[in-house]
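With the sequence up front, the predicted model follows.
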Amino acid sequence: MDLGVTDKVCIVTGATSGIGLATARILCEEGARVLFVARDEDALEEALAECSGGHGRGFAADVTDPSAAQRIVAACVERFGAVDVLINNAGTSFVRPLEQLTDEDWQMQWELHVMGPMRLMRAAAALMAEAGGGRIVNVCSSAGKRPSLTNPAYSVTKAAQLSLSRVFADRYAADGVLVNAVAPGAVASPLWTAPGGLADQAAQAGGISHDEALDAQRAKIPLGRFAEPEEIAAVVVFLCSARAGAVTGAAWSADGGTVPAIL
């Protein structure tokens, strides 16, 4: 199936690992031109080396910096001449119970999951509207639909990001800018599996092993396994495509059935 993304200009934040890297890679393979955005320049170089076809470029930025959004969008226009697609994927979580979360923890999650994406959407959506349309996909989380006590700040800010997606969808639908969210559950990405990642943190908090922590998480998923980054990326890329022309304001669950609701 031709997804209709050939030569489309895409911004992907958090593009050096996990869902972001998988998404950027698929877009490049489909012939899109992709600006990989992440904080680490060395990681950007490694990610770009994995991109086939020479359609990728890198830009180092921290999306929590209030000036980053304008710089990212300007760099994309300078290098590729337009912005057709924005994928807000940058994000992170950690294991910390409610009573241990500090004001700084809450603020960091807010800046990363709400203010950073909001600024990028504010900068990119207007350009897309002027050009006649575009696509925005926010990589949210099943925790935004069903709060988790593993990290309440993550759940609350991801819920806000879902609401933010709907607000922009409503504002820009008439301009042909389609805004959607994807809500993954647990994914077999470095966030979970790398040393010091969520599995290790959960293991330490619960006095169990790394493998036992992974097994405990799998037991919460009706599908019985973690999603692969490429599986989530496939949903994201579809929502960026010409084939998703009637979809806006949606929050697509891709969580293996974790959230027991239709919404």
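Structure received. Numbering: from 1, shown residues only.

chain center to the lengthiest helix in the chain, what's the gap?
Taking DSSP state H as the criterion, the chain has its longest helix at helix 152-172. Offset of helix 152-172 from its chain centre (CA atoms, centre = their mean, to the nearest Å): 12 Å.

now swap in stretch 92-112 and tell me
Taking mean C-alpha positions (CA atoms, centre = their mean), stretch 92-112 and its chain are 18 Å apart.

Would you mark the buried spots in that stretch?
93, 94, 95, 96, 101, 105, 108, 109, 110, 111, 112 (16 or more other CB atoms under 10 Å). Where you see a C-beta, it was placed from the backbone N, CA and C, and this is true even at glycine.

Then stretch 66-73?
68, 69, 72, 73.

Repeat that for stretch 116-128.
Those would be 116, 117, 118, 119, 120, 121, 123, 124, 125, 127, 128, for stretch 116-128 by 16+ other CB under 10 Å.

Dump those residues to TSV, plus distance to residue 2 and pLDDT.
As requested, the buried residues of stretch 116-128 are exported to TSV (distance: CB to CB, whole Å; pLDDT from 0 to 100):
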residue	distance to residue 2	pLDDT
116	32	98
117	29	98
118	32	98
119	33	98
120	28	98
121	27	98
123	29	98
124	24	98
125	26	98
127	25	98
128	21	98
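
Now, those that are in helices?
Filtering these for helices - DSSP H - leaves 116, 117, 118, 119, 120, 121, 123, 124, 125, 127, 128.

Helix, strand or coil: sort out the residue lying closest to the first one once chain neighbours are set aside for me.
The reference is to residue 116. Spatial nearest neighbour of residue 116, excluding adjacent residues (CB to CB, 6 or more residues apart in numbering): residue 63 at 3.6 Å. Here residue 63 is recorded as coil under DSSP: H, G, I helix; E, B strand; the rest coil.

thought residue 63 was touching residue 117?
Yes - applying CB atoms under 8 Å, one finds residue 63 in contact with residue 117, separated by 7.5 Å.

what do the two both touch?
Common neighbours of residue 63 and residue 117 are listed as residue 88 (criterion: CB atoms under 8 Å, 6 or more residues apart in numbering).

Check the spacing between the residue nearest to residue 187 when sequence neighbours are not counted and residue 200 real quick.
Among residues not flanking residue 187 along the chain, residue 227 sits closest, at 4.9 Å (CB to CB, 6+ apart). Using CB to CB, to the nearest Å, residue 227 is found at 20 Å from residue 200.
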